[in-house]
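[1] no sequence on this one, just coordinates:
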């Protein structure tokens, strides 16, 4: 049974961890980014270290480069900043020339951290790199054939290919090759010719139209691509089996985020408030394994003035009806990120509109609600384990 207390109602829009997972950067649905130091011994505690201020509108995405220790943020103000930790232990921003006229929606560092990509509402992907001659970050654009807002980005392990999901119901793979800073790439199962902006592959979310694509992700090998759509679907395409799209539609509400935890396992989460594990078979077909949150709804009795005012504050309702969900998160999950030792994604974190952070670790799920003031508000656990191999159904998962 999980008990939690949440102080404040600020949603967490996005989050990212540093290399050793001792610091967490998140945006509380505002124009600020807050960096916390995470203390794991003896109990998990969050200590506010820095507040990054520079954007004028809501921060939409954060990514933290593990090796160079640089943070990149993008915002609805159409700007992106690269933050570097100076000798005085303060984060210094450098503005990036995105050359877009709509909100920047998502940002991702490349695996080698020598460039990053920014998606936007301008139907454009800006591939950004540092120009040493002029001492600033510049961008190259990928535009065609994108017809709507870019919602998600994912880099291939070769540092060149870039997957993008957008609101025109498409998932695409582009070449993001920048000849000024990198050598000519080798051929991949997705194609051999890779000039900047080359469309390597394009997939529809559904043959019936489907919905816009919320998130895309390459598998660890880069040979598989998955995405989630607003039609409550999860799709996988495998370049090794003819690049045929295999889709499963769920009975859950639409997913907003997805990530691979191995070559054959995917975690997806979103409006259903619970992360769900899917296994991917040898033919590339995804199948449901289990819900990763096995929390039990807490029974409550009676009413109190405190509960009444909390209900008024959070849900604008005064009746005493219990609306608590039987899950750690009480509202949509907005983002997923892996946490733990390098090379493993067996530990992941989730953030949600309820202002909580769910921590899926070896053996249990913790929840910690964090407010912009940096106060610890909750911490509890429930047993759940991640399987070592892909599973094809819930019964197999439970046996393992």
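    That came through fine. Keep in mind that what you see is a predicted model, and the values were worked out from it rather than measured.

[2] What about residue 133, how many residues nearby?
    6 (other Cβ atoms under 10 Å). Every residue, glycine included, has its C-beta placed from N, CA and C.

[3] Confirm that it lies within a helix, as I assumed.
    No - using DSSP: H, G, I helix; E, B strand; the rest coil, the assignment for residue 133 is coil, not a helix.

[4] how much space between it and residue 180?
    If you measure residue 133 against residue 180 using Cβ to Cβ, to the nearest Å, the figure is 10 Å.

[5] Residue 17 now?
    In terms of Cβ to Cβ, residue 17 sits 30 Å off from residue 180.

[6] more crowded one of those two?
    Shown here are residue 17 and residue 180; by other Cβ under 10 Å, residue 17 has more neighbours (19 against 11).

[7] wouldn't the more buried one be in contact with residue 339 here?
    Yes - the pair residue 17 / residue 339 is scored as a contact, 5.7 Å apart, by Cβ atoms under 8 Å.

[8] Mutual contacts of the two, please.
    The contact sets of residue 17 and residue 339 overlap at residue 349 (Cβ atoms under 8 Å, 6 or more residues apart in numbering).

[9] tell me the contacts of the closest residue to residue 90 other than its chain neighbours?
    Of all residues not flanking residue 90 in the chain, residue 50 sits nearest, at 7.5 Å (Cβ to Cβ, 6 or more residues apart in numbering). Counting by Cβ under 8 Å, 6+ apart, residue 50 makes contact with 34-35, 90-91.

[10] Find me the pLDDT at residue 50, would you?
    Predicted confidence (pLDDT) for residue 50: 96.

[11] helix/strand/coil for it?
    Classified using three-state DSSP, residue 50 is strand.

[12] and if you look at the one 5 residues further on?
    Secondary structure, three-state DSSP: residue 55 is coil.

[13] my read: it touches residue 80, true?
    No - using Cβ under 8 Å, residue 55 is not in contact with residue 80, being 9.2 Å away.

[14] and for these two, which residues touch both?
    By Cβ under 8 Å, 6+ apart, the residues touching both residue 55 and residue 80 are residue 73.

[15] So what pairs up with residue 165 in the strands?
    residue 152, residue 171 (DSSP bridges).

[16] Any idea how many residues pack against it?
    30.

[17] go on, residue 47?
    Per other Cβ under 10 Å, the neighbour tally for residue 47 reads 12.

[18] wait, what's in contact with it?
    Applying Cβ under 8 Å, 6+ apart, the residues near residue 47 are 36-39, 374.

[19] From these, which one has the minimum pLDDT?
    Within the contacts of residue 47, lowest confidence goes to residue 374 (34).

[20] what about the helices in the protein?
    305-315, 394-399 (DSSP state H).

[21] pull the helix or strand with minimum mean pLDDT from the chain.
    In the chain, no helix or strand scores lower on mean pLDDT, DSSP states H and E than strand 381-384, which sits at a mean of 31.

[22] of residue 55 and residue 80, who's got more company?
    Shown here are residue 55 and residue 80; by other Cβ under 10 Å, residue 80 has more neighbours (27 against 24).

[23] okay but the more buried one is in contact with residue 104, surely?
    Yes - under the contact definition of Cβ under 8 Å, residue 80 touches residue 104, with a separation of 5.7 Å.

[24] list the residues that contact both of those two?
    74, 98, 118, 126.

[25] Next step: these restricted to strands.
    Per DSSP state E, strands hold the following members of the shared contacts of residue 80 and residue 104: 74, 118, 126.

[26] Neighbour-wise, which one of the residues you listed leads?
    residue 74 (30 neighbours).

[27] what pairs with that residue across the strands?
    Legend: beta-bridge partners of residue 74 under DSSP bridges are residue 61, residue 80.

[28] what residues are up against residue 78?
    Counting by Cβ under 8 Å, 6+ apart, residue 78 has contacts 98, 100-104, 120.

[29] want to throw these into a markdown table with pLDDT?
    Output for the contacts of residue 78, formatted as a markdown table (pLDDT from 0 to 100):
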| residue | pLDDT |
| --- | --- |
| 98 | 97 |
| 100 | 97 |
| 101 | 96 |
| 102 | 97 |
| 103 | 98 |
| 104 | 98 |
| 120 | 98 |
